[in-house]
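# coords please:
(chains A and B)
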Amino acid sequence: MTNDVILRSRVRIARNIKDYPFPPVLNDACRKEIIEKVTTASAGHGYINDDKIADAVYAHTLSEENLISREFAAEKERHALLKNEDCETYIMVCEEDHLRIQSFSDGLDLAKAGERAIECEKLLSKKINFAFNSDLGYLTRCPTNLGTAMRASVMMFLPALTMTHRMGDVKTQLEKIGMTIRGMYGEGSNADAYMYQISNRLSLGHSEQDLLSKTAAVAKRIAEDERNARSAAFEANKDVLTDKIMRSLGTLKYAHVISSKEFLDCYAYVRLGSVLKLCDVPCEKLDKLLYKAMPAHIMMLRENAENSHERDKMRAKIIKEYL
Amino acid sequence: MLCSKCKTNQATFFYTQSINGNESSVALCKNCAETSGMNTVSPLFGSFFGTPAKSTRDIQRQSKKCSLCALTFNDILSMGKVGCPECYNTFKEELGDTIRSIHGTAKHVGRTPSGTPANEIKQLSEEEVLRGKLTEAIKTENYEEAAAIRDKIKALKGEN
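Numbering: from 1, shown residues only, chains lettered A, B, ... in the order given. Have a look, this model is predicted:
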C-alpha cells in the first residue's frame, strides 16, 4: 500500500510552438491560432475541448483537484483546456508556456504518468513544430524548465515528518540532489493538511527516464522515513495522538459550521488515524472529501455559497452526509 | 500585449493588484511602470540573471532587441523570464552563464522533436553526461557522489 503516504503521481511537460512569443507576450490573434493548432493536432485521438474552463468557479474546482495550475484557473486572456476521455491527461493551452501537458496516476506510478504525457506530446509533435535547440532542449518561458521541460512530481502526505520538525532536513537534502518540495498546490502554496509535492528542480542535462526514476526513488525513500516516523511518534505519544485523531473525527462528523482551514486540519488527523488503523474511514474516501469540501467545489453546488459563512455551513453539511 | 496605461508600447511588467478585495491584472510597459513608481525588477532576476546594466557597453549591448518578440535583455531582467523561443538565440551570450548556473550544464539530454535530422542533434557522449553530473555534484557539495562520478570517468577513459 503506497497511498498511506503517496496520493498521486503527476508528470508535466511544457512545450512551445516555434515562431510565437510566449504568453503573456502574446496577442489574442496568436492565442487563437495556437488553440486551433492544438485542437486540430489532437482531434480524433480522444481529446475534447473543455469549454467550461471559461467559468471561473469551474476552473477553480479543477485547480483545487490539482488538475490544472492556480495561475491557469485565474487566466484572464484567451486560453483553452483539452482533456482525454479518461481524464488522465490534460493539455493547458496558453498557460505560462503555450502548452502544458499533465498526466496523472494514482499512488506512486510516475512511469505510467510519464508514458501518458510523452504519448500525448508525441501525438501533438506530428502536427506542431515545437521550439527546440540542440543544446538547451525544449525552449520554455522560464529558464528553469529548459531541457526536457519535464516535471515529475509526487503528492505526499507527511504528517509525522512535519510534526517531528524534520521537513527542513528533507528540503535541504532534496535541494542537494536537484529536487524541490512545495506545498499542496505547488509553487508558493502552503503545506496544508501536511500535503507536499516533491518534484525534480532541474530538467536540463537529465533524460526523461532519469527524472522519472530518480523522483520515484526519492519518493520511496521519503515514504519509508515517514512510516518510520509515524511508528515512533505513535509509540511515544499514543494517547495524545489518538485523542487528537478522534476529536478531529468528531468535529468532521458533528460540526455545524466548519472553515476550510479547520476542515484541512481535521482531515489530516483523521487520515493519519486511518493509516494507523485507529478509525475506519478509508483514505480513498477521505481523499475524495478533500476536494468536495473545497470552496470552489461548494460554490459549484450552490450559487449563494460566495458568502464564506454560508459556505462553511454547507461544508459541514457535505462532510456529515459524506461520512 | 499593449501597455494598459499608454496603450502604445509593448507591456513587459505584469502584476495583480487588489483594491478593496477586488483583484485585477495590470500590464504596463517599462516607462509607465517606472513613472507609476513600480519596482520593475523582479526578485527572480537577482538570482537568475545578475544585475541591471550599468556601463555604456552594457547599455549598448542591452539595447539589442529580439527579432521575434522585440524585448531587450533589460526587459527580460525585469520579467525574470524570456519573451519567446528566439530570445535564447538573440541573448545566447547573456543567458548562457545563467542557464549553466541554474542547471549545472547547458547540454540537453533526452527526447528530441520527431523528424529532427539526427545530424542536427548533438548526442552527448557518456563522458559528457558524467561531467555534467560531476559539476552538479560539486556545486551541491555532494563530494561523495562527485568522487564516485570522477572514478567512473577515469574508468571510462581507461585510467586507474
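
# Could you identify the longest helix within chain A?
Longest helix in chain A by number of residues (criterion: DSSP state H): helix A:208-236.

# Run through the neighbouring helices and strands of that one.
For helix A:208-236, the elements it packs on are strand A:6-15, helix A:110-125, strand A:150-157, helix A:159-163, helix A:167-176, strand A:179-182, strand A:195-200, judged by 3 or more C-beta pairs under 8 Å, 6 or more residues apart in numbering or on different chains; DSSP states H and E. The way it works is simple: take the backbone N, C-alpha and C, and place the C-beta from them, glycine included.

# Let's see that with 7 Å instead.
helix A:110-125, strand A:150-157, helix A:159-163, strand A:195-200 (3 or more C-beta pairs under 7 Å, 6 or more residues apart in numbering or on different chains; DSSP states H and E).

# CA-only coordinates of the shortest one in PDB, if you can.
This points to helix A:159-163. The C-alpha trace of helix A:159-163 is given here as PDB (Å, rounded to 0.1, in the frame of the first residue of the first chain):
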ATOM      1  CA  PRO A 159       2.400  14.400   9.000                       C
ATOM      2  CA  ALA A 160       4.900  12.600  11.100                       C
ATOM      3  CA  LEU A 161       8.000  14.200   9.400                       C
ATOM      4  CA  THR A 162       6.300  17.600   9.800                       C
ATOM      5  CA  MET A 163       5.300  17.100  13.400                       C
END
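
# neighbouring contacts of that helix?
A:167, A:170, A:191, A:194, A:225-226, A:229-230, A:233, A:268, A:272 (C-beta atoms under 7 Å, 6 or more residues apart in numbering or on different chains).

# Show me which of those is closest to chain B.
Nearest to chain B, judged by C-beta to the nearest C-beta, of these is A:V170 at 15.2 Å.

# so who does A:L278 touch?
With C-beta under 7 Å, 6+ apart, A:L278 has these contacts: A:242, A:245.

# how much space between it and A:N228?
The spacing between A:L278 and A:N228, counted by C-beta to C-beta, to the nearest Å, is 18 Å.

# wait, B:L156 sits on B:E126?
Yes: with contact defined as C-beta atoms under 7 Å, B:L156 and B:E126 form a contacting pair (6.2 Å).

# if we can go back for a sec, now pLDDT too, for the contacts of helix A:159-163, in TSV please.
Shown next, in TSV, are the contacts of helix A:159-163 (pLDDT from 0 to 100):
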residue	pLDDT
A:M167	93
A:V170	94
A:A191	73
A:Y194	93
A:D225	95
A:E226	96
A:A229	94
A:R230	93
A:A233	88
A:A268	95
A:L272	95
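
# Kindly reformat those as JSON lines and extend each row with neighbour count.
Formatted as JSON lines, the contacts of helix A:159-163 follow (neighbours: other C-beta atoms under 10 Å in any protein chain shown):
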{"residue": "A:M167", "neighbour count": "16"}
{"residue": "A:V170", "neighbour count": "22"}
{"residue": "A:A191", "neighbour count": "16"}
{"residue": "A:Y194", "neighbour count": "23"}
{"residue": "A:D225", "neighbour count": "17"}
{"residue": "A:E226", "neighbour count": "25"}
{"residue": "A:A229", "neighbour count": "18"}
{"residue": "A:R230", "neighbour count": "22"}
{"residue": "A:A233", "neighbour count": "19"}
{"residue": "A:A268", "neighbour count": "21"}
{"residue": "A:L272", "neighbour count": "25"}
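
# related to what we said a few turns ago, relative orientation of the longest helix of chain A and strand A:150-157 in degrees?
10 degrees (axes from the mean of the first three to the mean of the last three C-alpha atoms, to 10 degrees).

# buried residues in helix A:208-236?
A:208, A:210-212, A:214-216, A:218-219, A:222-223, A:225-226, A:229-230, A:233 (16 or more other C-beta atoms under 10 Å in any protein chain shown).

# how about the helices in chain B?
Using DSSP H, helices in chain B cover B:30-35, B:43-48, B:56-61, B:73-79, B:87-90, B:92-103, B:126-139, B:143-156.

# Skipping adjacent residues, who's closest to A:A117 in space?
In space, and not counting its chain neighbours, A:A117 is closest to A:S103: 4.0 Å by C-beta to C-beta, 6 or more residues apart in numbering or on different chains.

# ok and the helix or strand where the one you found lies relative to helix A:110-125, angle-wise?
Here A:S103 sits within strand A:99-106, counting by DSSP states H and E. Here the directions of strand A:99-106 and helix A:110-125 differ by 150 degrees (the same axes, to 10 degrees).

# residue contacts, A:Y196?
A:156, A:158, A:181-183.

# Then A:D106?
Counting by C-beta under 7 Å, 6+ apart, A:D106 has contacts A:R8.

# Look up which residues are beta-bridged to A:Q102.
Bridge pairing for A:Q102 (DSSP bridges) gives the partners A:R12, A:Y90.

# Counting neighbours, what do you get for it?
Neighbourhood size, A:Q102 [other C-beta atoms under 10 Å in any protein chain shown]: 25.

# wait, isn't it in contact with A:R15?
No: judged on C-beta under 7 Å, A:Q102 makes no contact with A:R15 at a distance of 12.0 Å.

# Show me what the one helix or strand A:L290 maps to is packed against.
Take DSSP H and E as the rule and A:L290 turns out to sit in helix A:283-292. Helix A:283-292 sits against helix A:260-275, helix A:308-322, with contacts defined as 3+ C-beta pairs under 7 Å, 6+ apart.
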